[in-house]
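1. Pasted the sequence and its predicted model underneath.
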Amino acid sequence: MTSSPSDPSGGRFPRTGRRVLTTLILAAALSGCGSAPPVLDSGPVIVAPPTPAGQPAVEVDLAEPLAPGAVDVRENTFSDSLAFRDLQLLVADGAATVRGGTFNTINVSPILALELAADFYDEQGRRIGTGVTQLSIQEWRQARDSGSGAMDFSIRAEPGGIEPVAARVTITHLVNE
């Protein structure tokens with residue numbers, strides 16, 4: 001048997017043999033001949049939809065309801081950057097408002113933008129509304145220049161006819177210089 005320039009095997013295998021060998025190699029590669037353990041089905045996977053912009057990613061209801069009139073702060077990655085003072089829950093005319101003050105606890109860099117959210121809860125700890133407020137660098141500069149260093153804020157929501165008894169504030173967005 002002589003080798004032709006287009007025959008890379010050097011004439012060792014007939015053309016039909018090369019096709020069979022190529023087919024067998026491809027079949028073995030694609031058949032998953034491995035010793036990996038089988039993948040077990042763990043049941044359905046539940047994927048939560050993404051949180052809309054401006055809304056905190058939080059549990060809907062509290063495991064343990066807050067005391068009536070309580071306003072607390074949810075711990076997250078921004079919690080060490082701000083401190084809060086004089087937090088209070090006000091309810092009037094079908095609307096709920098959390099008022100208070102916050103100040104920068106890290107002196108390294110000024111805050112350029114801040115977004116706070118408040119979740120409002122009923123007596124059973126069910127979330128009945130959420131409000132959001134955004135504070136800008138100009139407001140932070142005014143607070144700094146006033147001497148107090150604290151930035152006053154209000155977060156308002158209309159919880160749909162149910163009167164909230166407690167609230168929880170979350171820092172949802174913080175930008176430093």
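-> Here it is on my side, so go on. Keep in mind the model is a prediction, meaning the values are calculated, not measured.
2. the strands in the chain, which residues?
-> In the chain, the strands defined using DSSP state E lie at 71-73, 82-92, 95-104, 111-121, 127-136, 151-157, 166-176.
3. Save those strands as JSON lines, and put in distance to Arg18, mean pLDDT and mean neighbour count too.
-> Glycine gets a C-beta too; all of them are placed from N, C-alpha and C. Shown next, in JSON lines, are the strands of the chain (distance: least, CB to CB, whole Å; pLDDT from 0 to 100; neighbours: other CB atoms under 10 Å):
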{"stretch": "strand 71-73", "distance to Arg18": "73", "mean pLDDT": "94", "mean neighbour count": "17"}
{"stretch": "strand 82-92", "distance to Arg18": "72", "mean pLDDT": "93", "mean neighbour count": "14"}
{"stretch": "strand 95-104", "distance to Arg18": "74", "mean pLDDT": "91", "mean neighbour count": "20"}
{"stretch": "strand 111-121", "distance to Arg18": "67", "mean pLDDT": "91", "mean neighbour count": "23"}
{"stretch": "strand 127-136", "distance to Arg18": "69", "mean pLDDT": "91", "mean neighbour count": "17"}
{"stretch": "strand 151-157", "distance to Arg18": "74", "mean pLDDT": "91", "mean neighbour count": "18"}
{"stretch": "strand 166-176", "distance to Arg18": "64", "mean pLDDT": "91", "mean neighbour count": "20"}
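4. for the ones you listed, which one sits closest to Thr16?
-> strand 166-176 (68.2 Å; CB to CB).
5. So in that sheet, which strands flank that closest one, and in what orientation?
-> strand 71-73 (parallel), strand 111-121 (antiparallel) (DSSP bridges).
6. Can you tell me what sits against the shortest one?
-> Meaning strand 71-73. With contact meaning CB atoms under 8 Å, 6 or more residues apart in numbering, strand 71-73 is reached by 66, 79, 84, 87-89, 98, 100, 118, 166-171.
7. Surely Tyr121 touches Ile162?
-> No: taking contacts as CB atoms under 8 Å, Tyr121 lies outside contact range of Ile162: 9.7 Å.
8. Would you mind grabbing the residues shared as contacts by those two?
-> Ile128.
9. So which of the contacts of strand 71-73 is the closest to Ala157?
-> Nearest member of the contacts of strand 71-73 to Ala157, counting by CB to CB, is Ala118, at 6.8 Å.
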